[in-house]
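A.B. asks: What follows is a predicted structure for the sequence shown.
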Amino acid sequence: YGGTSSSQLIFILPFVDYQSDPFSEVIYITVIDRYRRKRERLVELAAAALIPTMWGPFKAYCYRSLLDGIEHTAMVKGEISDDQDIPVRVHSECLTGYVFGSARCDCRGIGLGHKLRAYNLQDDGHDTLEANEELYLLILGNTGIGAQILGYLGVHTMSLMTNNPAKYVGLKGYGLAISGRAPLLNPITKENKRYLETKQEKLGHIYGSDINATCNTAYQEI
C-alpha cells in the first residue's frame, strides 16, 4: 500500500456476523452481540510471531474469539504509538481473492462452495447481493471483535482504509477515534465493474475521499 511502507500499518481479518429473522419479535441477536462486544472481553491472544514478507517484516498476532473459537489475525508493521494516527484496514478473509487471485469479488467468509454458487447466479444475471439473498446468505460485517483487538494492540486513533461508511461509523461506535479515511482505489475491470457498482448503489460505498455526510446518515443505522 504505497506510502505506508515506512509507517505503522495494521490489517485485521476475518469477521462474519449473523442476524436472526428480522421479522422475529425477539430482540435481534446482533443487538445483544453488539452489547456484549462493547462490555465483555471476547478475544484472547493465542500466539504472536514476526513474519518476513515482500513488503518488509510484520508482527502477526493471532486472537481467538471466546464466543466461537474463530481465530482472527492482526498484521502490524512498525511500532504503535499513542500520539500518532495509525493507518488501519479491517476486512473479512477472501479465499477466492487471496489464494486463487479472483478478479471478481471478495467472498466475505461465506465459504468456497457458496462463493462458486454465487458466481453461477451472477453469470445468470444476479448482482452480488441478489446472489447472496438467493442462497439465504445474510452477510453483515461486525467490527466489534476488530475494535477489541485494536484496543489490545494499543491503537487509540487511526486513519481507516475503507470505502464502506458502515465500517467507518461501526468502529466509532466502539469508542475508537478515527481521524480520517483513506479510500481504496481498486482497478476497475470487466470482471468486477458490476460488483463495484452494486456496492456503491446498494451499500453506499464511497470511492472518493468525502465520507462525512454519508457517515452521519449511516450512523443512525448502526
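C.D. replies: Thanks, I have it. Numbering: from 1, shown residues only.

A.B. asks: Now do the spatially most central residue of the chain against residue 72, distance only.
C.D. replies: By C-alpha atoms, centre = their mean, the chain has its centre lying nearest to residue 91, at 2.7 Å. Per C-beta to C-beta, to the nearest Å, residue 91 is found 11 Å from residue 72. Just so you know, the C-beta spots here come from the backbone N, C-alpha and C atoms, and that holds for glycine as well.

A.B. asks: do the same with residue 52
C.D. replies: Counting by C-beta to C-beta, the gap from residue 52 to residue 72 is 21 Å.

A.B. asks: Which one of those two is surrounded by more residues?
C.D. replies: In terms of neighbours (other C-beta atoms under 10 Å), residue 72 is the more surrounded of residue 52 and residue 72; the figures are 21 against 8.

A.B. asks: If that one is in a bridge, with which residues?
C.D. replies: For residue 72, the beta-bridge partners under DSSP bridges are residue 63.

A.B. asks: Beyond the one helix or strand residue 115 maps to, next helix or strand please.
C.D. replies: Element membership of residue 115 [criterion: DSSP states H and E] is helix 112-123. On the C-terminal side of helix 112-123, the closest following helix or strand by DSSP H and E is helix 128-134.

A.B. asks: For that next one, enumerate the helices and strands it packs against.
C.D. replies: If you count contacts as 3 or more C-beta pairs under 8 Å, 6 or more residues apart in numbering; DSSP states H and E, helix 128-134 packs onto helix 112-123, helix 193-203.

A.B. asks: Tell me the gap between that helix and the middle of its chain.
C.D. replies: Per C-alpha atoms, centre = their mean, to the nearest Å, the displacement of helix 128-134 from the mean C-alpha position of its chain is 19 Å.

A.B. asks: Okay, buried residues for that helix please.
C.D. replies: 128, 129, 130, 131, 132 (16 or more other C-beta atoms under 10 Å).

A.B. asks: and the helix or strand just after that helix, average pLDDT?
C.D. replies: Downstream of helix 128-134, the first helix or strand assigned by DSSP H and E is helix 144-153. The average pLDDT for helix 144-153 rounds to 89.

A.B. asks: cool, stretch 178-190 as well?
C.D. replies: 83.

A.B. asks: Outside of that stretch itself, list whatever touches it.
C.D. replies: By C-beta atoms under 8 Å, 6 or more residues apart in numbering, the surrounding residues in contact with stretch 178-190 are 85, 87, 103, 157-163, 168, 171-172, 192, 196, 206-209, 211.

A.B. asks: Okay, helices next: where are they in this structure?
C.D. replies: Under the criterion DSSP state H, helices of the chain are mapped to 29-39, 95-98, 112-123, 128-134, 144-153, 165-172, 193-203, 212-218.

A.B. asks: can I get the ones you listed in CSV with distance to residue 46?
C.D. replies: As requested, those are exported to CSV (distance: least, C-beta to C-beta, whole Å):
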stretch, distance to residue 46
helix 29-39, 18
helix 95-98, 21
helix 112-123, 24
helix 128-134, 30
helix 144-153, 12
helix 165-172, 23
helix 193-203, 32
helix 212-218, 33
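
A.B. asks: picking that back up, from residue 71, how far off is the residue nearest to the centre of the chain?
C.D. replies: For residue 91, the distance to residue 71 (C-beta to C-beta) stands at 15 Å.
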